[in-house]
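Novice: Below are the sequence and a predicted model for it; my questions follow.
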Amino acid sequence: QGRATDAAPEAGPRREGLAAPLQVAYLAVLQRAPAYLHPDSPFLAVGAHLLTTEYVRPEIRFRGAAYGGSCTYDALGGEIGFLSWQDPHVVRSLGVFAAARDHAARAGWSQDDVDRAVISTLKDGERPIRPGEATGLALQRHLAGLTPEMRDARHEATLGSTPERVRRALVEALDAGRDASSTCVFASRAKLEEANREIGAEGALAIEDLFPAG
């Protein structure tokens, strides 16, 4: 279980709203994606960085006034995620996440854009780490079945990223995982109910009080 060679399990769609006394919202949309050993995995890591810096962060933080927003790719878990935090919006931000696939498909990324994203993506694997963190990281890699040869091969593959490869990998992964994506919104009940009125019954969030009255 949890090894880099394992296929990600299937997950059904879930749309949840967790109600709590908050003034802002926290959103997460997750979907399955190719995992570490898939040939597209390095390009998805680069693409997630590009989507964060070129699309999600500007739309969610700068235009939507949230504290933060990102696109994440978990290669070991085989997941792509879209996140926002301290977000004054729900429906608008969900719309931004849903439109990420189309943005990737038409993005005019240059090779320079991709090269900068490659540097940002690879630097986490090259940075100095403290002994305590090194121990945990070594255990994680052991449990995942990652060998130095696998990591070296992934490094080389990442260096071969091009706009076309990154764009194709993102579009295919987002298309494949879209129908089984899971959504969770943490916000006030009033904000969640308002979002459901805008979304409509078909895509409504199942609201649950996080701290029900006793």
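Specialist: Thanks, I have it.

Novice: check contacts around Ser120.
Specialist: Each residue near Ser120 by C-beta atoms under 8 Å, 6 or more residues apart in numbering is listed here: His49. For the C-beta atoms, the positions are set from N, CA and C on the backbone; glycine is no exception.

Novice: Is it part of a helix or strand, or is it coil?
Specialist: Per DSSP: H, G, I helix; E, B strand; the rest coil, the secondary structure class of Ser120 is helix.

Novice: Which pLDDT value does the model give it?
Specialist: The per-residue pLDDT reported for Ser120 equals 94.

Novice: For the nearest residue to Arg189 once chain neighbours are set aside, give its distance to Ile60.
Specialist: Using C-beta to C-beta, 6 or more residues apart in numbering and skipping residues adjacent in sequence, the residue nearest Arg189 is Ala19, 3.9 Å away. Distance, Ala19 to Ile60, using C-beta to C-beta, to the nearest Å: 22 Å.

Novice: one step back: quick check, the residue nearest to Arg189 in contact with Glu208.
Specialist: Yes: in this structure, Ala19 is within contact of Glu208 by C-beta atoms under 8 Å, at 6.7 Å.

Novice: what about those two, which has more around it?
Specialist: Counted by other C-beta atoms under 10 Å, Ala19 and Glu208 do not tie: Ala19 has more neighbours, with 21 against 12.

Novice: tell me the centre residue of the protein?
Specialist: Gly81 (2.1 Å; C-alpha atoms, centre = their mean).

Novice: Parallel or antiparallel, which strands does the helix or strand where that residue lies pair with?
Specialist: Gly81 belongs to strand 79-87 when elements are defined using DSSP states H and E. Strands that pair with strand 79-87, judged by DSSP bridges, come out as strand 25-32 (antiparallel), strand 68-74 (antiparallel).

Novice: Among these, which comes closest to Thr183?
Specialist: strand 25-32 (5.0 Å; C-beta to C-beta).

Novice: Tabulate the CA atom coordinates of whichever helix or strand comes after the closest one in PDB.
Specialist: Scanning forward in sequence from strand 25-32 by DSSP H and E, the next helix or strand is helix 41-51. Output of helix 41-51 as PDB, limited to C-alpha atoms (Å, rounded to 0.1, in the frame of the first residue of the first chain):
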ATOM      1  CA  SER A  41       3.800  13.000 -13.300                       C
ATOM      2  CA  PRO A  42       6.800  15.400 -13.700                       C
ATOM      3  CA  PHE A  43       4.800  17.600 -16.100                       C
ATOM      4  CA  LEU A  44       1.800  17.700 -13.700                       C
ATOM      5  CA  ALA A  45       4.100  19.000 -10.900                       C
ATOM      6  CA  VAL A  46       5.400  21.700 -13.200                       C
ATOM      7  CA  GLY A  47       1.800  22.400 -14.400                       C
ATOM      8  CA  ALA A  48       0.400  22.700 -10.900                       C
ATOM      9  CA  HIS A  49       3.100  25.400 -10.200                       C
ATOM     10  CA  LEU A  50       2.200  27.300 -13.300                       C
ATOM     11  CA  LEU A  51      -1.500  27.100 -12.600                       C
END
